[in-house]
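Peer 1: Sharing a sequence plus its predicted fold:
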Amino acid sequence: MSDSDPDEKIVVTCIIPAFNEEKNISRVLTVATTYSGFAEILVIDDGSQDKTTALAQSYQTACPALRVITLARTNGKAGVIKRGIAEARDGIIVTLDADLIGLTHENIRSLISPVIDREVDQTVLDRAGDHTPVWGWTNCAKYFGGERAFWKKDFLEIDMPDSSGYLLEIINNLHYIRQGMTIRTIFCWNLYTVHQFNKLDMITGTRNYIRMSISIVRAATIRGFVRQFFWIEYRNMRGIFSLYKRHPLLRPVLGLIIILLHLVDGVSLFVLLNALKMIKLPLGLAGRLVRRPAT
């Protein structure tokens, strides 16, 4: 697949929510504004108090497809994404967090292709950086990545209150699961993000993540949270997920295998990525070591 959309009739809109991301958003905009497959790019500034809007607007001369919408007050992530989707044309929506590190055109292509090709209903980029914190071994963060591709018409079916905030992803995931729709995570060895303990401090950031995790589990219920393990497929293990969906009688055995694979995958990545970080292995070589094959 080239940078351009293989089907010119399909409109792809990129939405970038941002709040006080003056220090980070340039990395994402530099890649997004040079990716020719986007028909439009919407930066939604959620009432930032820094120069996020001005910085985003500086890209408009080189990229006429870019629009910057500045909200008068802070709405939270769910409200911002809903505003962006309301502004977007019909077709495929791609959401990108504003604080990504290492984003490439290849990441964007891998995100969009399975949705355009109707292999799945939604994709989520699984960032290598989410596997390096102390909780990375749990392998749960991959379900809550902000880098997603989906059809606008499908999102509009979700009962998503503007006040959902960071519950956006769990509400999204559970809706797709209930509707029998397929979500696939795609591991990206090169993709990192600026964690809250980097933006704030270790104690405050970690405390915020713990509060967020508790809120997510409460909103989803433990049963709903765990369902993600079995119904959101990994790109390189999709065969076993297909069997799980098609053969209810085999689910007890297949479910146990999926849980074991989930834990082995999480622990091995946590150890490997942190080891590579400690020895400061060059990014290109690190990528070859941890890249997963597409199947």
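Peer 2: Perfect, thanks for sending it. These numbers were taken from a predicted model, which means no experiment stands behind them.
Peer 1: Give me the three-state assignment for Arg67.
Peer 2: Under DSSP: H, G, I helix; E, B strand; the rest coil, Arg67 falls in the strand class.
Peer 1: Name the helix or strand for the closest residue to it other than its chain neighbours, please.
Peer 2: Leaving aside its chain neighbours, Arg67 sits nearest to Leu42 (5.3 Å; criterion: CB to CB, 6 or more residues apart in numbering). To be clear about C-beta, it is placed using only N, CA and C from the backbone, and glycine gets the same treatment. Assigned by DSSP states H and E, Leu42 falls within strand 40-45.
Peer 1: Check the gap between the residue nearest to Arg67 and Thr70 for me.
Peer 2: Counting by CB to CB, to the nearest Å, the gap from Leu42 to Thr70 is 12 Å.
Peer 1: Which one's more surrounded, the two?
Peer 2: A direct count of neighbours by other CB atoms under 10 Å for Leu42 and Thr70 places Leu42 higher, at 22 against 16.
Peer 1: From what I see, the more buried one and Pro17 are in contact.
Peer 2: No - applying CB atoms under 8 Å, one finds Leu42 not in contact with Pro17, separated by 9.3 Å.
Peer 1: Okay, strands next: where are they in the chain?
Peer 2: Applying DSSP state E to the chain gives strands spanning 12-18, 40-45, 66-70, 92-95, 100-101, 122-127, 148-151, 183-188, 192-193, 232-234.
Peer 1: Throw the ones you listed into CSV and include mean pLDDT and distance to Ser164, thanks.
Peer 2: Below are those laid out as CSV (pLDDT from 0 to 100; distance: least, CB to CB, whole Å):
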stretch, mean pLDDT, distance to Ser164
strand 12-18, 98, 13
strand 40-45, 97, 15
strand 66-70, 97, 19
strand 92-95, 98, 14
strand 100-101, 94, 22
strand 122-127, 97, 17
strand 148-151, 98, 15
strand 183-188, 96, 18
strand 192-193, 90, 20
strand 232-234, 94, 19
